[in-house]
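Q: give me the fold of what follows.
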Amino acid sequence: MTNAITIFWIIVCAPIALFPLLGVDQGTIFNYSLLAQIITPVAAAFFCYLTSLVFPKDDAMYKVWSLLGIGVLCWGIGAMLFALYPLIYAGQETPYPWYSDIGYLLMTPFVLSALFIFKKSLHIDAPLWGRISAGCFFLAALALSITFNLSKFTDDAFIPFTVTLIYTMGDPLLLGGTVLVASLLAGGEVARPWWLVLIGLVFYYAANVIYTYLVVNEQYATGDFIDIGWLAGFGCIAVAALMTRSLFKNF
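A: Got it, this is the predicted structure:
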């Protein structure tokens, strides 16, 4: 099952890279990417939910995989709403901010909660180098996020300002949390899926940062190569969920 899902995700991601080389028209690329951005997080959320059922409801890992699934599903709902706007309004571009941003923004607190509970369940303190590394990555990501989002803060309206502020803080917090959890992990069969989850979150973070840069410079269009970052990130989480399920389902 895990191998099959891995192959499926590669097949889903490949067209984003190949379409421009094959001369596929922009409309097809746009529609394909939108559909892929809906299917992949929803599928990943489903696999997280299946994995959570392996554990008792009072087990920390049940909460961890449930929260991961909810967070990824929120992003998928955001993608659905983003794709819905052009259908409702005769092909007009989805504005910023819109209801889709609620779904996108909700992913971060749910994922951070999952990482916090996972860290707590390990019953070990993060090493000093891990805390320093997490702090450095957070500050570097925050500086980058502020730089890329600075032009958006010119809007004095409360909602656009607040949404931009949450976006600006969310990605650095997610990256810092990812690095902190990585400092706690060792090798072994049980840790392997969690390395994959963290790699998936790094893919997700990188896609968000590059997306923000391209949008600010008016160079982004749905179906751009960087969309693979989101798809691959959700794929890593989905495969990690299935790996964990296969490890614990017989316990």
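
Q: and Val72, what does it touch?
A: Pro41, Ala44, Ala45, Cys48, Met107, Val111, Phe234, Ile237 (C-beta atoms under 8 Å, 6 or more residues apart in numbering). Placement of C-beta: from N, CA and C, glycine included.

Q: pretty sure the fifth one sits against Gly71.
A: It refers to Met107. Yes. Counting by C-beta atoms under 8 Å, Met107 touches Gly71, with 4.4 Å between them.

Q: output the longest helix belonging to the chain.
A: For the chain, the longest helix by residue count, based on DSSP state H, is helix 60-88.

Q: between the contacts of Val72, which is nearest Gly170?
A: Proximity of the contacts of Val72 to Gly170 (C-beta to C-beta) peaks at Met107, which lies at 8.5 Å.

Q: and Gln219, which of the three is it?
A: With DSSP: H, G, I helix; E, B strand; the rest coil as the basis, Gln219 sits in coil.

Q: what count of nearby residues applies to it?
A: For Gln219, the neighbour count with other C-beta atoms under 10 Å is 9.

Q: try the one 5 residues further on
A: Summarising burial for Asp224: neighbours were counted as other C-beta under 10 Å, giving 19.

Q: can you check the pLDDT for Leu115?
A: pLDDT recorded at Leu115 is 97.

Q: got it, and Phe251?
A: pLDDT, read off for Phe251, is 58.

Q: same question, Phe118
A: 96.

Q: circling back: the longest helix of the chain - what's its average pLDDT?
A: 95.

Q: the helix or strand where Ile39 lies vs helix 60-88, what angle?
A: Element membership of Ile39 [criterion: DSSP states H and E] is helix 26-52. Between the axes of helix 26-52 and helix 60-88, defined by axes from the mean of the first three to the mean of the last three C-alpha atoms, to 10 degrees, the angle is 160 degrees.

Q: output the contacting helices and strands for helix 26-52.
A: Applying 3 or more C-beta pairs under 8 Å, 6 or more residues apart in numbering; DSSP states H and E, we find helix 26-52 packed against helix 2-22, helix 60-88, helix 227-248.

Q: among those, which is the most enclosed?
A: helix 227-248 (a mean of 23; mean count of other C-beta atoms under 10 Å).

Q: can you tell me what sits against stretch 230-249?
A: Stretch 230-249 is contacted by residues 1-2, 5-6, 9, 12-13, 16, 36-37, 40-41, 43-44, 47-48, 50-51, 54-55, 61, 65, 68-69, 72, 75, 189-190, 192-194, 196-197, 199-204, 207 when judged by C-beta under 8 Å, 6+ apart.

Q: cool, stretch 27-34 as well?
A: Pro15, Ile16, Phe19, Pro20, Ala79, Phe82, Ala83, Ala221, Thr222, Gly223, Asp224, Asp227.

Q: in the protein, which residue is closest to the centre?
A: The centroid of the chain falls nearest to Tyr204 when counting by C-alpha atoms, centre = their mean (4.2 Å).

Q: quick check, pLDDT for it.
A: Per the predicted model, pLDDT is 97 at Tyr204.

Q: these two touch, right, it and Gly229?
A: Yes. Counting by C-beta under 8 Å, Tyr204 does reach Gly229; the two are 6.7 Å apart.

Q: any stretches of the stretch 51-200 of the chain with poor pLDDT?
A: Within the stretch 51-200 of the chain, the ranges that satisfy pLDDT under 70 run 155.

Q: mind listing the helices for it?
A: 60-88, 100-121, 128-149, 158-182, 192-216 (DSSP state H, counting those that start in this stretch).
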